[in-house]
Structures are given as structure tokens and as C-alpha cells.
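Novice: Below are the sequence and a predicted model for it; my questions follow.
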Amino acid sequence: MSLAVVVHAAGDLRLDPIDPGESRELGPRDALVAVEYGGICGSDIHYAKHGAAGLSILREPMVLGHEVAGRIAALGSEVAGFEVGQAVTIHPATVCGECEFCTSGRPNLCGSVRYLGSAAYHPHTEGAFAGLTVIPAGQLRAVPDGVSTRHAAVAEPLGVAIHAVNRAGDLAGKTVLVNGAGPIGVLVVAAARKAGAAHVVASDLAAGSLDVARRMGAHDVVNLAEGGELPATDVVFEASGAPPAVTSVLRAVKRGGIVVQVGNLPAGKLEVSLAELVFREIDYRGTFRFVDEISTALDYLADGLDVEPILTHEFPVEEAVEAFRVAGDRSTGSSKVLLKF
């Protein structure tokens with residue numbers, strides 16, 4: 001038995017004892033992972049608060065979590081290339097491998113993708129916020145020597161940020177604005193710096209978030225709550241997910257520039273002015289999760305990228321309810337909140 005963070009309904013988050021073998025027995029191509037750290041994602045918070053994340057509606061209790069790292073506790077008989085005790089993180093996606101997207105290098109767009117801790121399908125896909133979890137070995141990614149499992153738990157959101165940066169194309173020598181300095185936004189700052197951006201500016205409403213952005217590599221910051229104005233840059237990463245921000249960044253980016261929408265926008269109709277898109281010939285691009293940039297993220301960590309500035313809070317799993325409260329309240333100064341298993 002192990003403890004798991006389970007959402008039962010909106011506002012009903014519990015710590016339940018589970019047997020990892022009940023929902024999925026260890027098969028010949030599986031691994032049993034003893035999770036050590038898990039990062040709380042915005043989607044986890046939405047499930048806990050609202051019983052839904054976007055169009056994915058909770059219909060039954062579900063283990064949350066897809067940003068985790070730990071050590072292999074057992075291996076199936078056919079698994080090669082890994083060993084018991086090895087530090088690993090987990091690629092959260094399972095794809096069909098046969099559709100036009102899977103066969104053309106864009107499996108993140110697979111129409112039947114299943115993601116850890118997601119209610120997109122029924123039965124839901126259980127997450128990995130558990131002391132022990134069974135995972136297909138193909139989803140394991142080895143943590144490089146010198147990288148702690150604490151930092152490796154950030155590889156998944158860092159992979160999201162790297163994929164977003166890749167969607168913008170070559171950033172070498174370009175000026176960049178990252179609007180929204182939450183955990184993904186500040187990781188985009190770091191990824192843009194790694195991609196060779198000449199000058200990176202972060203904007204947000206919260207001074208604490210902007211301080212994290214500076215520590216993650218932003219050359220300059222803009223506090224919008226204090227009347228700061230968005231600068232004109234070659235590329236903008238809109239990471240706030242606030243609908244009014246879309247109009248703002250389309251007006252701020254240089255003529256012929258690129259805007260990458262990183263933050264998840266609310267479902268339904270939005271009031272957004274798109275005139276700038278046409279008259280200033282702006283490229284507006286979406287970005288969704290990642291392909292295998294989680295592996296690149298691990299390389300960045302091994303190369304010395306310091307993600308400690310975003311790790312503002314850590315709680316033992318027994319205090320998961322309080323951890324989720326802190327993670328969901330930006331007035332606490334939280335960026336990435338970790339659970340320790």
C-alpha cells in the first residue's frame with residue numbers, strides 16, 4: 001500500500017491509501033516507481049478546485065499528478081536499459097503510435113493521447129502522485145548523474161517550456177517578451193536564454209513572480225500592476241492565459257513578429273481584437289505539451305540549469321491539501337510547489 005493524492009470531486013481532495021497493483025499489475029514491460037517528488041501543476045489545481053480542467057470533467061475519483069521523479073523499485077521481465085534503484089522521471093503521455101501525427105513527429109497532437117492524471121477519457125487516466133506507481137517502461141527517462149530527483153521533477157514543465165520555445169523558431173539574437181511569470185513562464189525565460197535570445201523581458205502583475213523571473217534569467221522585468229508597459233519585441237510568449245493579454249501582446253509585438261500562445265485560454269467565446277494579426281502580419285502560434293523535450297530538459301539540468309528559484313515551497317505528501325491551497329493562491333508567493341513522498 002502507498003499514499004496517493006486523490007481528487008474525489010470539486011473541493012474534495014484526499015490522501016488515500018492505494019495498492020498500485022489493484023488498478024495496474026506490473027506487466028513484463030512495466031516498471032514500479034517509488035515516487036520521491038511531485039510538482040503541482042495548474043491542471044491539478046483546477047481538478048481539485050473545480051472538478052475539471054478545461055473540457056476534461058471529473059466523473060470519478062482520480063489520482064492526480066504528472067510532474068514526478070523517483071527511483072525504480074521493480075522491473076518487468078522484458079524491460080532492458082534500466083535497473084532497480086535508478087533515478088527516473090516520467091514522460092506522462094501514452095499515444096497510439098499510428099496516426100498521422102504520431103508518424104510525422106508530432107505525437108503531442110495524437111487524438112487518442114492519454115496523459116497521467118487526466119479526466120479527458122473515462123475511465124480516467126490515473127496520475128502519479130502516489131508513493132508507488134506502475135508505469136510502462138517506455139515512459140521512463142533516466143535522470144542524469146548529478147541531477148537530484150527534486151530538480152528532475154521539474155523536467156516535465158521545463159519540457160513544456162522548451163517545446164514552446166521551439167515553436168517560435170530560431171531565437172538566436174532576437175528580443176523576447178514572456179508575458180506571465182508563473183512556473184511555465186519563468187521556465188520559458190530560461191529556455192529562451194538557452195536558445196540564444198539576445199534580450200528576454202518578463203512581465204507580470206506580481207512582484208514576487210517577477211523576482212523569480214529575474215533569477216531564472218530575465219534581463220529585465222515589467223510590473224504591469226505598477227503601470228509598466230509591454231515592450232516591442234521580435235517574439236512574445238503569452239504565458240498568462242488571460243484573454244485580455246492576447247490583445248495586448250498582439251499590439252506589443254513588432255511588425256512581422258511571432259506570438260506563441262503558451263497559457264491555456266478558457267473554453268468558449270473570448271473577446272479578442274485580432275486586427276493587428278492581419279495589418280501587422282503577425283504569426284500567432286499555439287503550443288501544446290511537448291514531443292520528447294522532457295529529455296532535452298534533463299540535458300539542460302545536467303548542464304547546470306538551476307531551477308531552484310522556482311521551487312518556492314515544499315510539503316510532505318501528508319500535507320497535500322495545504323500544498324494545493326498554497327499552490328492555488330499566488331498571494332502566498334508560490335511558484336512551483338513540490339510534494340515530497
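Specialist: Received the coordinates, thanks. Numbers count the residues shown, from 1 in each chain.
Novice: contacting residues for the nearest residue to Glu229 once chain neighbours are set aside?
Specialist: Excluding the flanking residues, the one nearest Glu229 by Cβ to Cβ, 6 or more residues apart in numbering is Val222, at 7.0 Å. (Each C-beta comes from the backbone N, C-alpha and C, glycine too.) By Cβ atoms under 8 Å, 6 or more residues apart in numbering, the contact set of Val222 is 201-204, 210, 228-231.
Novice: where in the stretch 101-250 of the chain is pLDDT low?
Specialist: Along the stretch 101-250 of the chain, no part satisfies pLDDT under 70.
Novice: I'd like the distance between Gly208 and Ala52.
Specialist: Gly208 sits 28 Å away from Ala52, taking Cβ to Cβ, to the nearest Å as the criterion.
Novice: confidence score at the residue of the chain most remote from its centre?
Specialist: In the chain, counting by Cα atoms, centre = their mean, Phe279 sits farthest out from the average C-alpha position, at 33.4 Å. Note on Phe279: pLDDT of 94.
Novice: on that earlier part again, okay, and the beta partners of the residue nearest to Glu229?
Specialist: Note on Val222: beta-bridge partners Ser203, judged by DSSP bridges.
Novice: where along the stretch 101-250 of the chain do the helices fall?
Specialist: Under the criterion DSSP state H, counting those that start in this stretch, the stretch 101-250 of the chain contains helices at 149-152, 155-167, 183-194, 207-215, 243-252.
Novice: between the longest one and helix 183-194, what angle do the directions make?
Specialist: In this case it means helix 155-167. 60 degrees (axes from the mean of the first three to the mean of the last three Cα atoms, to 10 degrees).
Novice: distance between helix 155-167 and the chain's centre?
Specialist: Relative to the chain's own centre, helix 155-167 is displaced by 8 Å; criterion: Cα atoms, centre = their mean, to the nearest Å.
Novice: Repeat that for the shortest one.
Specialist: In terms of Cα atoms, centre = their mean, the centre of helix 149-152 is set 14 Å apart from its chain centre.
Novice: Residues touching it, excluding its own?
Specialist: With contact meaning Cβ under 8 Å, 6+ apart, helix 149-152 is reached by 36-37, 69-71, 87-89, 143, 298, 301, 307-308, 311, 338.
Novice: let's see 7 Å
Specialist: 36-37, 69-70, 87, 89, 143, 298, 301, 307, 338 (Cβ atoms under 7 Å, 6 or more residues apart in numbering).
Novice: Show me those that map onto strands.
Specialist: Within these, residues falling in strands by DSSP state E are 36-37, 69-70, 87, 89, 338.
Novice: By neighbours, which of these wins?
Specialist: Using other Cβ atoms under 10 Å as the neighbour criterion, Thr89 leads these with 31 neighbours.
Novice: looking at it, that residue is touching Arg71, isn't it?
Specialist: No. Proximity of Thr89 to Arg71 does not meet the contact threshold set by Cβ atoms under 7 Å, at 10.7 Å.
Novice: about what we covered before: okay if I get the ones in strands among the contacts of helix 149-152 as JSON lines plus distance to Leu177 and pLDDT?
Specialist: JSON lines is the format used below for these (distance: Cβ to Cβ, whole Å; pLDDT from 0 to 100):
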{"residue": "Glu36", "distance to Leu177": "36", "pLDDT": "98"}
{"residue": "Tyr37", "distance to Leu177": "31", "pLDDT": "98"}
{"residue": "Ala69", "distance to Leu177": "31", "pLDDT": "98"}
{"residue": "Gly70", "distance to Leu177": "36", "pLDDT": "98"}
{"residue": "Ala87", "distance to Leu177": "36", "pLDDT": "98"}
{"residue": "Thr89", "distance to Leu177": "30", "pLDDT": "98"}
{"residue": "Leu338", "distance to Leu177": "28", "pLDDT": "98"}
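Novice: out of those, who's nearest Ala128?
Specialist: Among these, Gly70 lies closest to Ala128 (Cβ to Cβ), at 8.7 Å.
Novice: So what sits opposite the closest one in the bridge?
Specialist: Beta-bridge partners of Gly70, as defined by DSSP bridges: Val35, Val88.
Novice: secondary structure element for the residue nearest to Ala130 when sequence neighbours are not counted?
Specialist: In space, and not counting its chain neighbours, Ala130 is closest to Ala4: 3.7 Å by Cβ to Cβ, 6+ apart. Taking DSSP states H and E as the definition, one finds Ala4 inside strand 2-9.
Novice: Quick one: list the elements packing against that strand.
Specialist: Applying 3 or more Cβ pairs under 7 Å, 6 or more residues apart in numbering; DSSP states H and E, one finds that strand 2-9 contacts strand 12-18, strand 62-63.
Novice: if you compare the ones you listed, which one is most tucked away?
Specialist: Of the helices and strands packed on strand 2-9, the one with the most neighbours on average (mean count of other Cβ atoms under 10 Å) is strand 62-63, at a mean of 22.
Novice: what sits up against that strand?
Specialist: 4-7, 117, 119, 124, 126-127, 129-130.
Novice: Understood, closing this out.
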